[in-house]
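Colleague: any chance you could fold what I've pasted below:
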Amino acid sequence: MKHMSWQVSCRAITLMLHAAYNGCVRAEDFTMDKIEFSKPEKDMMIQKVKMYFREELKQEIGNFDAEFLINFFAEEMGGFFYNRGLYDAETMISEKVSEISDLLLQLEKPVSLRK
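Modeller: Sure, this is the predicted structure:
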């Protein structure tokens with residue numbers, strides 16, 4: 001199942017890159033949506049923040065304060081993490097395209113002029 005989602009992701013990325021290359025899509029058409037987390041994800045993050053404060057800072061904070069801090073970082077710092085993800089994805093895609101180019105060149109058939 002994981003393999004299939006990777007194929008779907010690759011296909012989506014390929015279509016986006018193709019559209020961007022052909023001028024059909026502009027960077028301003030893509031914006032970062034507000035970061036939303038499921039309740040189980042948020043609960044886990046709250047526990048992690050509370051544990052960090054307790055173990056590293058020797059302070060106890062409540063769920064409200066932990067969630068407030070998470071929301072602050074999501075809103076104010078989320079763009080930095082999002083951009084880093086884009087840069088990492090771009091690097092990975094460039095490496096994969098280079099690998100594919102090399103593989104395609106290996107498929108080349110020798111040609112010669114016959115007399």
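
Colleague: measure Gln47 to Ile93 for me?
Modeller: Gln47 sits 35 Å away from Ile93, going by CB to CB, to the nearest Å. Backbone N, C-alpha and C define where each C-beta goes, glycine included.

Colleague: I misspoke; the intended subject was Asn83.
Modeller: Remark: distance between Asn83 and Ile93 (CB to CB) = 15 Å.

Colleague: where do the domain boundaries of this structure fall?
Modeller: Here the domain parsing of the chain from automatic domain parsing is 1-31, 33-105.

Colleague: can you list the weak-confidence ranges in the chain?
Modeller: 1-32 (pLDDT under 70).

Colleague: hey, where'd the strands end up in it?
Modeller: Ranges of strands in the chain, per DSSP state E: none exist.

Colleague: Asn83 and Ile93 - which one has more neighbours?
Modeller: Ile93 (14 against 11; other CB atoms under 10 Å).

Colleague: contacts only, for Glu67.
Modeller: Lys42, Ile46 (CB atoms under 8 Å, 6 or more residues apart in numbering).

Colleague: now it: how far from Lys39?
Modeller: Taken as CB to CB, the span from Glu67 to Lys39 is 11 Å.

Colleague: tell me where the chain has helices.
Modeller: For the chain, the helices defined by DSSP state H cover 2-21, 39-56, 63-106.

Colleague: the second one vs helix 63-106, what angle?
Modeller: Looking back up the chat, that one is helix 39-56. Angle, helix 39-56 to helix 63-106, by axes from the mean of the first three to the mean of the last three CA atoms, to 10 degrees: 110 degrees.

Colleague: residues near Ala66, how many?
Modeller: Other residues close to Ala66 by other CB under 10 Å number 20.

Colleague: who's in contact with it?
Modeller: Contacts of Ala66 by CB under 8 Å, 6+ apart are Met45, Ile46, Gln47, Val49, Lys50, Phe53.

Colleague: change it to 7 Å
Modeller: Ile46, Val49, Lys50 (CB atoms under 7 Å, 6 or more residues apart in numbering).

Colleague: and the gap between it and Leu107?
Modeller: Taking CB to CB, one finds Ala66 at 55 Å from Leu107.

Colleague: burial of Phe81, as a residue count?
Modeller: 13.
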